[in-house]
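J.: predicted model and sequence follow; I will ask about them next.
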Amino acid sequence: MKLAVVIPALDEADWIAGAVASAVADGVEVVVVDGGSRDGTADRAVAAGARTVRSESGRARQIQAGVEASSGTTLLILHADTRLAPGYAEAIRRALQDPGVIGGCFRFRFDGGDGRSAALRFIEWGARLRVAVLGLPYGDQALFVRRSVLVEVGGVPQVPIMEDLDLVVALRRKGRLAALSLPATTSARRYLANGVWRTMGRHWLAAAAWAFGVDRRRIAHWVRP
């Protein structure tokens, strides 16, 4: 297995080095796909150990560009404000020794250590329940997948928002997704900036709208502050 980590980024200079550093490991290719940043994101990514490519902005477009620019037989999609835990690459290798497993995700966790609020801990619990009951991990859980399976499903769905859920649904038709116990630690910055409960409510509304097939452009308008 050759692992490639693809990180889409746009004006993430304060966060990109941490994401890259968490992904750098022996035998791992790290590709940052810059969507036109003006704050030095690409330079900081290179300094941290990544290779960078340029793409038109838009998370789905950027992820697909990174997939095409990378050479890994297994691909991991990492958000720019998410950190992987030490040992993540070996955990993926172990999971994929099972031929029935075609990909998976990590346990969702906010940053902040023991200082995380009760509201943030509730959201973490909700994410674990969603994965356990519905089998729907989100993109901030560092989704990984065998390249061959991603090709079979037609690549990353090119939609304005919630491409992660579309991708998960497509992948589940091909095999099992493993939920790994190691955490993918994501910044709580957007929740704290816009209100934890308000942000959570928007996300729940978006998920419900996605389930009922509401137009993605409308969902994006609702969700984005």
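T.: Okay, I see it. Given the structure is predicted, the values throughout are model-derived calculations rather than measurements.

J.: what residues of stretch 21-40 count as buried?
T.: Within stretch 21-40, the residues that count as buried by 16 or more other Cβ atoms under 10 Å are 22, 23, 24, 28, 29, 30, 31, 32, 33, 34, 35, 37. (C-beta placed from N, C-alpha, C; glycine too.)

J.: kindly list the main-chain dihedrals of the second one?
T.: Main-chain dihedrals, residue 23, degrees, to the nearest 10: phi -90, psi -30.

J.: where along the chain do the strands fall?
T.: With DSSP state E applied, the chain shows strands at 3-9, 28-34, 51-54, 74-77, 82-84, 101-110, 144-146, 176-186, listed in chain order.

J.: still on that earlier bit, okay, the buried residues of stretch 21-40 in JSON lines with pLDDT and distance to residue 63 next?
T.: Formatted as JSON lines, these follow (pLDDT from 0 to 100; distance: Cβ to Cβ, whole Å):
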{"residue": "22", "pLDDT": "98", "distance to residue 63": "18"}
{"residue": "23", "pLDDT": "98", "distance to residue 63": "15"}
{"residue": "24", "pLDDT": "97", "distance to residue 63": "19"}
{"residue": "28", "pLDDT": "97", "distance to residue 63": "17"}
{"residue": "29", "pLDDT": "98", "distance to residue 63": "15"}
{"residue": "30", "pLDDT": "98", "distance to residue 63": "14"}
{"residue": "31", "pLDDT": "98", "distance to residue 63": "10"}
{"residue": "32", "pLDDT": "98", "distance to residue 63": "11"}
{"residue": "33", "pLDDT": "98", "distance to residue 63": "7"}
{"residue": "34", "pLDDT": "97", "distance to residue 63": "13"}
{"residue": "35", "pLDDT": "97", "distance to residue 63": "11"}
{"residue": "37", "pLDDT": "96", "distance to residue 63": "16"}
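
J.: residue 119: which of the residues you listed is nearest?
T.: residue 22 (25.1 Å; Cβ to Cβ).

J.: correct me if wrong: the closest one contacts residue 81.
T.: No - counting by Cβ atoms under 8 Å, residue 81 is not a contact partner of residue 22; they are 11.1 Å apart.

J.: surely residue 104 is in contact with residue 93?
T.: No - with contacts defined as Cβ under 8 Å, residue 104 does not count as touching residue 93, sitting 11.7 Å away.

J.: show me which of these two is the more surrounded one.
T.: residue 104 (23 against 13; other Cβ atoms under 10 Å).
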